[in-house]
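Participant: below is the sequence, then the predicted model.
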Amino acid sequence: MTRKSADAQGGHTIRDVAARAGVSASTVSRVLAGDYPVSAQTRTRVMRAVAALDYVPDARAKAIAGTGTPTLAFVLDDITGPSFTHMAHGVEREATRLGHLCLVHSTDGNDEQLSAFVEMMRAQRAAAVILVGGAHSSPAYEERAARWARALHAAGSRLVLCGRGPLAPKGNVDGAEQAPVTVVEYDNESGAHTLTAHLLGRGHRRVLFLGGSPDNTTLQGRERGYVAAHRALGLEPDPALRLPGDFTRDSGHRLMRRALAERLDFTAVFAATDMVAAGALTALHEAGMSVPGDVSLAGYDDIPFARDLFPALTTVHVPYEELGRLAVRTALTRNPEGPDEHLLIGTHVVVRDSTAPAGD
């Protein structure tokens, strides 16, 4: 941008500051960066010129030069998801505590948009790019993520997978094992296993599993736990009792109405998320059914409104805010020469009023 065009927009360039202070542009740059000794008199003249012109340094140029406030990016598919909101809060709080600026970007599941954003963060020398939530499991995803990880690492940045598992080992996708990635996830499968065991332990043998896309890694972990809990008791869950959808309230409502219309035989429901459970609860109430009198209902996530549903929802608590904080701490304080880190934090079942023994 020329000085004329900058002035036309109401801004000033570093050359304007230099001219007003009677020094070179490189001297102004050194004063603002604070990384080179200059005399007190020169510094005073420069800062007076900056104040008089209301000069704001170009953040993009500072990022490329490796100066200015360091940035990290928090990337997710859907910014409206309640669990992601709490994770974003943890990321922002920890980034601020460590002196970093946090950017939040929502892709709406668009892979091309995500690739473009990662490249932009690489060019701007972001300290870390944190990808949040489950991914659509496929070789293409593994290859893209490994490529992003290597590109960010080469620029001094870091790819963090938060709330999803590590990349596939070498042999499934060539080179993925060497991709420099930090993984911070919660024990998704174990939480689902414990919740299903809770329902089975109360005598339920027909547990409807509701919601989630089959190729989503989060759903896959929860479904593995659901199946494993049955098999631990010598049971085989009925495939007809697994209805895929997505993780939204509307999906839960639609799928429950379908289950009732098809007269599926079940006494309990494991909803893939609390949002799915909320929709299912509404559909059950609309059908004149009592929870937990007619059907026990449980969710996953323990988002705040789960305790305010009627009845209050039994669910799996995931410490989403701490997960976000841990992702930031791990990415920003790790030893660059050390091994890649894979951290797993625990979950636990919160029993409330929406589940009861079968037949009660």
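Facilitator: Arrived safely. This structure is a prediction, so every number in the text was calculated from the model and none was measured. Numbering: from 1, shown residues only.
Participant: from here on, just use CA atoms for contacts and neighbour counts.
Facilitator: Noted.
Participant: okay, the spatially most distant residue from the centre of the chain and residue 279: tell me how far apart.
Facilitator: Distance from the C-alpha centroid of the chain, by CA atoms, centre = their mean, peaks at residue 22 (49.3 Å). Applying CA to CA, to the nearest Å, the value for residue 22 to residue 279 is 68 Å.
Participant: kindly report the same for residue 152.
Facilitator: Counting by CA to CA, the gap from residue 152 to residue 279 is 40 Å.
Participant: same check on residue 71?
Facilitator: 38 Å.
Participant: give me every residue that touches the residue lying closest to residue 303 once chain neighbours are set aside.
Facilitator: Spatial nearest neighbour of residue 303, chain neighbours left out: residue 83 (6.2 Å); criterion: CA to CA, 6 or more residues apart in numbering. Counting by CA atoms under 8 Å, 6 or more residues apart in numbering, residue 83 touches 301, 303, 320.
Participant: helices of the stretch 151-300 of the chain, start to end?
Facilitator: 188-201, 217-232, 249-261, 274-286 (DSSP state H, counting those that start in this stretch).
Participant: among those helices, single out whichever gets nearest to residue 89.
Facilitator: Of all the helices of the stretch 151-300 of the chain, it is helix 274-286 that lies closest to residue 89, at 19.1 Å by CA to CA.
Participant: what comes up buried for that closest one?
Facilitator: If you call a residue buried by 16 or more other CA atoms under 10 Å, then helix 274-286 has these buried ones: 274-284.
Participant: now swap in stretch 296-313 and tell me
Facilitator: Under 16+ other CA under 10 Å, the buried positions of stretch 296-313 are 296-303, 306-307, 311-313.
Participant: out of the helices and strands in this structure, which is least certain?
Facilitator: Taking mean pLDDT, DSSP states H and E as the measure, the helix or strand of the chain with the lowest value is helix 3-8, at a mean of 40.
Participant: contact partners of whichever helix or strand comes after it?
Facilitator: Once the chain leaves helix 3-8, the next helix or strand it forms, by DSSP states H and E, is helix 14-21. Outside of helix 14-21, the residues within contact range by CA under 8 Å, 6+ apart are 3, 24-25, 27-29, 45-46, 48-50, 53, 55, 57.
Participant: again with stretch 160-168
Facilitator: 128-135, 142, 145-146, 176-177, 181-186, 217-218, 323-324, 327, 331, 342.
Participant: just the terminal-to-terminal distance for that stretch.
Facilitator: End to end - CA to CA - stretch 160-168 spans 15 Å.
Participant: which other helices and strands contact whatever helix or strand residue 72 lives in?
Facilitator: For residue 72, the host element (DSSP H and E) is strand 71-76. If you count contacts as 3 or more CA pairs under 8 Å, 6 or more residues apart in numbering; DSSP states H and E, strand 71-76 packs onto helix 82-97, strand 101-106, strand 128-132.
Participant: report the angle between the first one and helix 274-286.
Facilitator: This points to helix 82-97. 150 degrees (axes from the mean of the first three to the mean of the last three CA atoms, to 10 degrees).
Participant: list the buried residues in helix 82-97.
Facilitator: 82-95.
Participant: ok so, going back, from the buried residues of stretch 296-313, which land in strands?
Facilitator: Secondary structure from DSSP state E places 296-298 of the buried residues of stretch 296-313 in strands.
Participant: ok so, going back, need the buried ones from the contacts of stretch 160-168 selected in ChimeraX.
Facilitator: The buried residues among the contacts of stretch 160-168 can be selected in ChimeraX (16+ other CA under 10 Å) with this line:
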select :128,129,130,131,132,133,134,135,142,145,146,176,177,181,182,183,184,185,186,217,218,323,324,327,331
